[in-house]
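*Asks:* attaching a predicted model along with its sequence, questions to come.
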Amino acid sequence: THPPPPAANYFFLITLPHKISFASFGRTTNNHPEQPIPKTMSSDLKRTASNGSLPDDPATKRARLERYVADQQLLASQSIPTPHTPEVIYTVRLADSLRKKILITGGAGFVGSHLTDRLMSEGHEVVVMDNFFTGRKANVEHWLHHPNFSLVRHDVIQPILLEVDQIYHLACPASPPHYQYNPVKTIKTSTMGTINMLGLAKRVKARILLASTSEIYGDPNVHPQPESYWGNVNTIGPRACYDEGKRVAETMMYAYKNQNDVSIRVARIFNTFGPRMHPNDGRVVSNFIIQSLQNKDITIYGDGSQTRSFQYVDDLVNGLLKLMNGNYDMPVNIGNPDEYSIKDFATKIRDMCESKSEVKFLPKVADDPTQRKADISTAKRELDWEPKVTVDEGLKKTIAYFQGEVEAAGEIVPTGPEAVKPGVRAN
């Protein structure tokens, strides 16, 4: 975020249980703050003036017009606080020569919405494209008023014509229960969707970054996993629709680079957590936190000895930006090398939530990797990147976010390993 810009008015927050309202601060009438004038003010003024309910003198009209212009300038300099994103994010104004037009596919999802916040705060024009299968409008609604932001409901497997400078191709369900719900659609998203975005990048000469995944390494025989490792993937297993889809997406990225000179970047993203995770994505972090907050049994599939490394979403966004705007065009692991067993991680979250939950062990899920840890030597060398946020710091913020989600829903039933359509399962 940036310090607030000079403006005629500022916004302040009034926080009530489950409600957030905002009012214009600075000018008052009868000692009460006036509400910001909406964009439809001009037509409303004409209509009310014709009814004789507003003064017609030029000074009053001029004052209202100046107030309207000041409000619009303010709205163009920050986000609007919402229940989902109550904090204000300030934006800078870039010169036309520096401001980029940036497309984010899957931009209303968990990672995409945080990337949107960062790019908007830097003053770029951002187009979020999402079909809202797992993405949520609430993740980006705080930008809907801003002139630099556009939201397009569109499925990436269908071609689209846009004029952009950069493409962050994030579209695809990333949690096993969601991508297994419709495996054919998952494959189409990674293949047809990537072809469409590569075609767009080729036509408009835009640089494109693919959000690949550590899942391409499968159940690895090499530990930790460097980018040179080719992986150990079951091509017909329940996770293959995602694993193999991302592998062929990487293949297509380099085919377009070599044949058509498309500027590409490939990020292999390891487990990421933070606010705006879908409450029912069935992942370890969200499930353990939701179960702990509600004092329900923490469910572990297997004996808990399998390992994962977890990074906070802000670190991932920093890595994606450095990769996109750097000169390195080979695949790069972006993850936190701090490794935890699933059993130890469950205990850590339970203790941080001060929960009375018990850990319950259930049968292991098919093709669940036994170990996963990022080798980030390439990211350190080529991008000068490494994670800055500790797991404990990130968990504190994520627990606070899910506390609000649980309070708003009343109760949330975590998603198990079975394939399921996204949706908050609340009683």
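*Replies:* Great, that's in hand.
*Asks:* pretty sure Val365 sits against Ile300.
*Replies:* No. Applying CB atoms under 8 Å, one finds Val365 not in contact with Ile300, separated by 10.5 Å. Bear in mind the C-beta positions are built from the backbone N, C-alpha and C, glycine included.
*Asks:* low-confidence stretches in the stretch 251-400 of the chain?
*Replies:* Judged against pLDDT under 70, the stretch 251-400 of the chain has no low-scoring part.
*Asks:* which stretches of it form helices?
*Replies:* Under the criterion DSSP state H, counting those that start in this stretch, helices of the stretch 251-400 of the chain are mapped to 284-293, 313-325, 342-352, 377-378, 391-409.
*Asks:* point out the most buried one among those.
*Replies:* For the helices of the stretch 251-400 of the chain, average neighbour numbers computed from mean count of other CB atoms under 10 Å are highest in helix 284-293, which has a mean of 24.
*Asks:* got the angle between that helix and helix 342-352?
*Replies:* Here helix 284-293 points in a direction 40 degrees away from that of helix 342-352 (axes from the mean of the first three to the mean of the last three CA atoms, to 10 degrees).
*Asks:* how far does helix 284-293 sit from its chain's centre?
*Replies:* Computed by CA atoms, centre = their mean, to the nearest Å, the chain-centroid distance of helix 284-293 equals 19 Å.
*Asks:* stretch 102-120 now?
*Replies:* Using CA atoms, centre = their mean, the offset of stretch 102-120 from its chain centre is 5 Å.
*Asks:* make residue 1 into 28 and carry on from there
*Replies:* Yep, numbering from 28; the last one is stretch 129-147 now.
*Asks:* end to end, how far does it reach?
*Replies:* Criterion CA to CA, to the nearest Å; first-to-last residue distance in stretch 129-147 is 10 Å.
*Asks:* what comes up buried for that stretch?
*Replies:* 129-147 (16 or more other CB atoms under 10 Å).
*Asks:* still on that earlier bit, between Val392 and Ile327, which one's more packed in?
*Replies:* Counted by other CB atoms under 10 Å, Val392 and Ile327 do not tie: Ile327 has more neighbours, with 22 against 15.
*Asks:* give the contact list for the more buried one.
*Replies:* Listed by CB atoms under 8 Å, 6 or more residues apart in numbering, the contact set of Ile327 reads 369-370, 373, 386-389.
*Asks:* so how far is Val119 from the spatially closest residue to Tyr355 that is not a sequence neighbour?
*Replies:* Nearest non-adjacent residue to Tyr355, counting by CB to CB, 6 or more residues apart in numbering: Glu409, 4.1 Å away. As judged by CB to CB, to the nearest Å, Glu409 and Val119 stand 28 Å apart.
*Asks:* ok, now Val167?
*Replies:* 19 Å.
*Asks:* more neighbours: those two, which one.
*Replies:* Val167 (28 against 14).
*Asks:* measure the more buried one to His173 for me?
*Replies:* Taken as CB to CB, the span from Val167 to His173 is 10 Å.
*Asks:* what do you get for Pro203?
*Replies:* 35 Å.
*Asks:* excluding chain neighbours, what is closest to Thr240?
*Replies:* Per CB to CB, 6+ apart, closest to Thr240 is Lys273, 5.1 Å.
*Asks:* equivalent analysis for Val340, please.
*Replies:* Gly301 (3.3 Å).
*Asks:* quick check: the gap between that neighbour and Tyr428.
*Replies:* Taken as CB to CB, the span from Gly301 to Tyr428 is 8 Å.
*Asks:* make sure the residue nearest to Thr240 is actually in contact with Tyr244.
*Replies:* No. Look at Lys273 against Tyr244 with CB under 8 Å: they stay out of range, at 10.5 Å.
*Asks:* who touches Ser368 in this structure?
*Replies:* 331-334.
*Asks:* got TSV for the helices of the stretch 278-427 of the chain, with distance to Ile263 too?
*Replies:* Shown next, in TSV, are the helices of the stretch 278-427 of the chain (distance: least, CB to CB, whole Å):
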stretch	distance to Ile263
helix 311-320	25
helix 340-352	30
helix 369-379	25
helix 404-405	31
helix 418-436	34
